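> Fold the following and give me the result.
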Amino acid sequence: MKTLHKAFVISATVMAMGAAALPAIAAEGPQHQYAATKFDPAKRQERMDLHATRMHETLKITPAQEGAWQAYLSALKANMPQRGQFDRAAFKEMSAPERMEKRIDMAKSRIVRMENNLAATKTLYAVLTPEQQKVFDEKAGRFGHRKHARMMRHHN
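All right, here's what the predicted structure looks like:
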């Protein structure tokens with residue numbers, strides 16, 4: 001009986017030590033690697049270029065559609081929010097109504113960018129074949145969606 005108890009204590013200790021090591025192991029996973037570079041403009045551009053290349057291949061963009069594809073990418077790139085335009089120190093010094101006005105201005109700016117992206121998307125969509133449109137419907141606008149859903153499952 002003592003041997004069984006000792007084996008149980010040892011296995012429980014080993015399992016506890018393994019569980020304690022999991023956060024350290026998980027911290028080195030893809031999520032940690034992304035978090036460490038997500039604000040690096042070069043890495044961000046690299047991820048965007050990779051995504052665009054994959055979409056180009058998945059959609060099987062033809063030479064006749066290439067101009068519309070490049071115009072679409074240019075429009076999306078031009079509508080990206082610029083880092084560093086938000087001054088946190090100045091924001092903290094603002095009064096409550098001023099902060100609310102700033103947030104509303106930022107939201108309006110985001111809506112303008114989204115409307116510009118919509119116009120670019122509609123222009124590209126118009127030159128895609130029905131098969132390409134179906135693929136675009138499945139793939140576009142979901143970038144990061146699965147990752148977000150995965151993160152929400154882990155936090156709940």
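> okay, now Asp137: neighbour count?
The burial count assigned to Asp137 is 12, neighbours taken as other C-beta atoms under 10 Å. Every C-beta, even on glycine, is put in place using the N, C-alpha and C of the backbone.
> quick one: it and Glu115, what's the gap?
Between Asp137 and Glu115 the computed distance is 20 Å (C-beta to C-beta, to the nearest Å).
> And Pro81, by the same measure?
14 Å.
> Mind splitting this structure into its structural domains?
Using automatic domain parsing, the domain parsing of the chain gives 1-37, 40-155.
> weakest of the ones you listed in terms of mean pLDDT?
Across these, domain 1-37 has the smallest mean pLDDT, namely a mean of 59.
> which SS state does Gln82 fall under?
The three-state label given to Gln82 by DSSP: H, G, I helix; E, B strand; the rest coil is coil.
> Counting neighbours, what do you get for it?
Neighbour tally, Gln82, other C-beta under 10 Å: 6.
> OK, contacts around Leu76?
When contacts are counted by C-beta atoms under 8 Å, 6 or more residues apart in numbering, Leu76 touches Asn117, Ala120.
> Try it again at 6 Å.
Asn117 (C-beta atoms under 6 Å, 6 or more residues apart in numbering).
> Relative to His51, how far out is it?
Taking C-beta to C-beta as the measure, Leu76 falls 10 Å from His51.
> what helices or strands is the one helix or strand Arg113 maps to leaning on?
Using DSSP states H and E, Arg113 maps to helix 96-127. When contacts are defined as 3 or more C-beta pairs under 6 Å, 6 or more residues apart in numbering; DSSP states H and E, helix 96-127 sits against helix 66-78.
> tell me which residues of the helix it packs on are tucked away?
Residues of helix 66-78 classed as buried by neighbour count (16 or more other C-beta atoms under 10 Å): Ala68, Trp69, Tyr72, Leu73, Ala75, Leu76.
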